[in-house]
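K.L.:
Let's see this in three dimensions:
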Amino acid sequence: AEATIAAPLSSPQCVVNVCPAGGAGAGGTADTPHHLPFHRTTRTSGTGGTSVTSGSAGGSAGGNSQHGSRDLFKGPADGNAQGDTLVPDSPANFATSFLDLDMMYGPVHDGPLQSDLRSGVGGRLVMDSTTDLPLKDANGLFVTADPQSRMTPGFFALNVVWRKYHNKRADALREKYPSMNDEELFQGARMETIAAYQHIVEETYVPTILGEPLDPYEGYDDSVDPSVDVFFSTCSFRYGHSGLSGLVRLLGPDFAPMARDPILLRNAFNRTEHVMSILDDRVEPIIRGLAYEPSKNIDASFVEDVSLFTGTMTFKNVQRGRDNGLPSYNDAREWFNLSRVTSLEELAGENGEAVTKALKGLYGKSGVDKVDSYVGALLELPSSPTMVMGPLMTASIKDQFARLRDGDRLWYKNRYSREEYESFPSLSEIIREVLDEEEMRRFPRDSFAVFDPSSSGLAGRGKSEGG
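P.N.:
Take a look at the predicted model:
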């Protein structure tokens, strides 16, 4: 598909003082390098310090160290004629950085919401007694801790799976320890659910998207900053927008298309309640569709449902990077100990002459140092067959997840023995446990691999997740 590259913002729209597309802008000239200033004034998250990439995963981000905290870029904007320092606003993270399922349990600062999500009996999360789905509010919308959990049917279905798993754990604890009160049961089930989630993220999800596992865990390190950095949240972890297929698949128990399959993402976006009504309040068809429909390649092309029908998401990703003061693509590569790209032709690479021409039109013929991080990162090709994305996004994601793990005092491997956590269920096992057993009998053992219903990789057969 033809690459979709968002045009640079004009100077009046930019928070940072840059000279877009090689032209003269306020405080700059046509020859001014496109170095975006990065000076954080507050933390991205209340859990850590003030660095944009304040750690390294096994040396992949060699420009920094896990022991300490340092900004990626500081100082005044280049070419600022007035001499004043432009300081981009630092985005506030109202969610915890840690992998603690706060999108299901609710943010720590919102006690009333956390309380509303609980049933108050048996340590369970509240569910509709008829549909076994989250309750709806007065407007007919599902009540979730994070509104994004109902943005798409897939997000919502996975949220329901984890809610049901929590309640299964609460019921099991209540049966084993009948003297426990609601609070004790809730916290016990919450701890078990978060541990299972962290195990899946560390052992299956992250190795799948990186093409390799994180370095071996060496225990909690109180010098590691676990806060989510701006580059990760604004650039690299938005890789998934490029991977969306544009279809919401609805598949029956044998993975045959249902009557309403498929639904275009543009027609399902923020309409999860409508999709659930079509499915008689069953999430099983959506979960099967997620397992069956492969992600598209991570690159600079986007399906129309993302680029045109979700509020021009691709353009907003570039704009958000500028609003948050992200460095240029080449400066970000240098920070992660990757070599600088010397020309737009080199950056475009195998993407073709049309992409090279588009880049020159946007950034100027010699504008390789002006390229936005998000644009450049998406144009990178994976450097090995096992990698899903290019080196810059890979290095950033590896760094972030290593810090989320190593800087978390309550990481599951600090709470459970090796024998215990090696017996934790895979995502497929959790799905089969909490959803309709008959409907999920043919669900694959590996939720993260491309699935062929005619193959042997079904429930009870084939290679299990994580090895």
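K.L.:
List the buried residues of stretch 157-176.
P.N.:
The neighbour-count check on stretch 157-176 (16 or more other C-beta atoms under 10 Å) flags 157-170, 173-174 as buried. For the C-beta atoms, the positions are set from N, CA and C on the backbone; glycine is no exception.
K.L.:
Could you report the neighbour count for residue 126?
P.N.:
Summarising burial for residue 126: neighbours were counted as other C-beta atoms under 10 Å, giving 17.
K.L.:
Per-residue pLDDT of it, please?
P.N.:
Residue 126 carries a pLDDT score of 98 in this model.
K.L.:
separation between it and residue 117?
P.N.:
Distance, residue 126 to residue 117, using C-beta to C-beta, to the nearest Å: 6 Å.
K.L.:
what do you get for residue 320?
P.N.:
Note on residue 320: its distance to residue 117, by C-beta to C-beta, is 29 Å.
K.L.:
which other helices and strands contact the longest helix along the chain?
P.N.:
When secondary structure is assigned using DSSP state H, the longest helix within the chain turns out to be helix 153-176. Taking 3 or more C-beta pairs under 8 Å, 6 or more residues apart in numbering; DSSP states H and E as the contact definition, the neighbouring helices and strands of helix 153-176 are helix 102-105, helix 182-200, helix 272-278, helix 284-292, helix 427-434.
K.L.:
Return the most buried member of those helices.
P.N.:
Each of the helices and strands packed on helix 153-176 was assessed for mean neighbour count using mean count of other C-beta atoms under 10 Å. The highest is helix 284-292, with a mean of 23.
K.L.:
Any chance you could list what contacts the helix or strand following that one?
P.N.:
Tracing the chain C-terminally past helix 284-292 and defining elements by DSSP states H and E, one meets helix 304-307 next. The contact list for helix 304-307, computed with C-beta atoms under 8 Å, 6 or more residues apart in numbering, reads 4, 241, 242, 244, 246, 264, 265, 266, 269, 313, 314.
K.L.:
So which of those residues sit within helices?
P.N.:
Secondary-structure check on the contacts of helix 304-307 using DSSP H: residues within helices are 241, 242, 265, 266, 313, 314.
K.L.:
Using neighbour counts, give me the buried entries of those residues.
P.N.:
Applying a neighbour-count criterion of 16+ other C-beta under 10 Å, the buried members of those are 241, 242, 265, 266, 313, 314.
K.L.:
which two from those residues end up farthest apart in space?
P.N.:
Checking these against each other with C-beta to C-beta, the farthest-apart pair comes out as 242 and 266, at 16.5 Å.
K.L.:
per the record, what domains does the protein have?
P.N.:
Domain assignment for the chain, taken from automatic domain parsing, gives 11-93+230-239+300-403, 102-225+245-294+425-434.
K.L.:
Stretch 433-442: which residues count as buried?
P.N.:
Buried positions in stretch 433-442, judged by neighbour count with 16+ other C-beta under 10 Å: 434, 435, 439, 440, 442.
K.L.:
Contacts only, for the second one.
P.N.:
The reference is to residue 435. When contacts are counted by C-beta under 8 Å, 6+ apart, residue 435 touches 161, 164, 283, 284, 287.
K.L.:
Recalculate using a threshold of 7 Å.
P.N.:
The contact partners of residue 435, taken as C-beta atoms under 7 Å, 6 or more residues apart in numbering, are 284, 287.
K.L.:
roughly how far apart are it and residue 123?
P.N.:
Applying C-beta to C-beta, one obtains 21 Å for the distance of residue 435 from residue 123.
K.L.:
One more: the last one?
P.N.:
When distances are taken as C-beta to C-beta, residue 442 and residue 123 turn out to be 32 Å apart.
K.L.:
Check residue 189 too.
P.N.:
The spacing between residue 189 and residue 123, counted by C-beta to C-beta, is 5 Å.
K.L.:
How about residue 199?
P.N.:
Taken as C-beta to C-beta, the spacing of residue 199 relative to residue 123 amounts to 21 Å.
K.L.:
now residue 394
P.N.:
Separation of residue 394 from residue 123 (C-beta to C-beta): 39 Å.
K.L.:
Just the pLDDT for residue 411.
P.N.:
pLDDT, residue 411: 98.
K.L.:
Leaving out sequence neighbours, find the closest residue to it.
P.N.:
residue 405 (5.8 Å; C-beta to C-beta, 6 or more residues apart in numbering).
K.L.:
For the one you found, what is the enclosing helix or strand?
P.N.:
helix 391-406.
K.L.:
hang on, the earlier thing: tell me the one of the buried ones among the ones in helices among the contacts of helix 304-307 nearest residue 380?
P.N.:
Looking at those and their distance to residue 380, the nearest is residue 242, at 11.6 Å (C-beta to C-beta).
K.L.:
From residue 379, how far off is the closest one?
P.N.:
According to C-beta to C-beta, residue 242 and residue 379 sit 11 Å apart.
K.L.:
cool, and residue 402?
P.N.:
When C-beta to C-beta is applied, the distance between residue 402 and residue 379 equals 25 Å.
K.L.:
ok, back up a step: how about the buried residues of stretch 433-442 in JSON lines, adding distance to residue 340 and pLDDT?
P.N.:
As requested, these are arranged in JSON lines below (distance: C-beta to C-beta, whole Å; pLDDT from 0 to 100):
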{"residue": "434", "distance to residue 340": "49", "pLDDT": "98"}
{"residue": "435", "distance to residue 340": "49", "pLDDT": "97"}
{"residue": "439", "distance to residue 340": "52", "pLDDT": "92"}
{"residue": "440", "distance to residue 340": "49", "pLDDT": "94"}
{"residue": "442", "distance to residue 340": "49", "pLDDT": "92"}
